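J.: Show me the folded form of this:
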Amino acid sequence: MVTYITLLRYTEQGIANIKGGPERLIRARELIRTMGGDLKQWYLVNGQYDAVSIIDAPDDGTATRISLAIARQGNVRTETLRAYSDQEFKDIIAGLP
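T.: Numbering: from 1, shown residues only. I've put the predicted structure just below:
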């Protein structure tokens, strides 16, 4: 599995319906699971973004489909980043000339 960090911002719709947020998070976790991924962590945050999630997915295509499926509901806008573990970092550096 590959790890992805998703930065989320609520849309006007998402803020207007914020009380439904906990239920949407449960449904998002289930959706991610049905798409072959795993929502490892989710955090409500202060600052430039409203929430951050850590998701494992089999590949970039699956991670992209997950982000699009969640964003198309209209409650959040997403920005997804590929995350590398410390071992992956070591492997990448070891391959440098």
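J.: what's the next secondary structure element after the longest helix seen in the chain?
T.: Scanning the chain for the longest helix, with DSSP state H as the assignment, gives helix 21-34. Stepping forward along the backbone from helix 21-34, the first helix or strand reached (DSSP states H and E) is strand 38-44.
J.: Tell me the strands beside that next one, with direction?
T.: The strands beside strand 38-44 in its sheet (DSSP bridges) come out as strand 51-57 (antiparallel).
J.: Averaged pLDDT, whichever helix or strand comes after the strand it pairs with. What do you get?
T.: The element immediately downstream of strand 51-57 (helix or strand, assigned by DSSP H and E) is helix 60-71. Per-residue pLDDT values over helix 60-71 give a mean of 96.
J.: May I see the buried residues of helix 60-71?
T.: Along helix 60-71, the positions that meet the burial threshold by neighbour count (16 or more other Cβ atoms under 10 Å) are 62, 63, 66, 67, 70, 71. (Glycine included, C-beta is placed from N, CA and C.)
J.: Next up, the contacts around the last one.
T.: Going back to what we said before, that points to residue 71. With contact set as Cβ atoms under 8 Å, 6 or more residues apart in numbering, residue 71 has these partners: 77, 78.
J.: How about the fifth one?
T.: Shown in contact with residue 70 (Cβ under 8 Å, 6+ apart): 28, 31, 76, 78.
J.: Same check on the third one?
T.: By Cβ under 8 Å, 6+ apart, the residues touching residue 66 are 31, 32, 35, 37, 55, 57.
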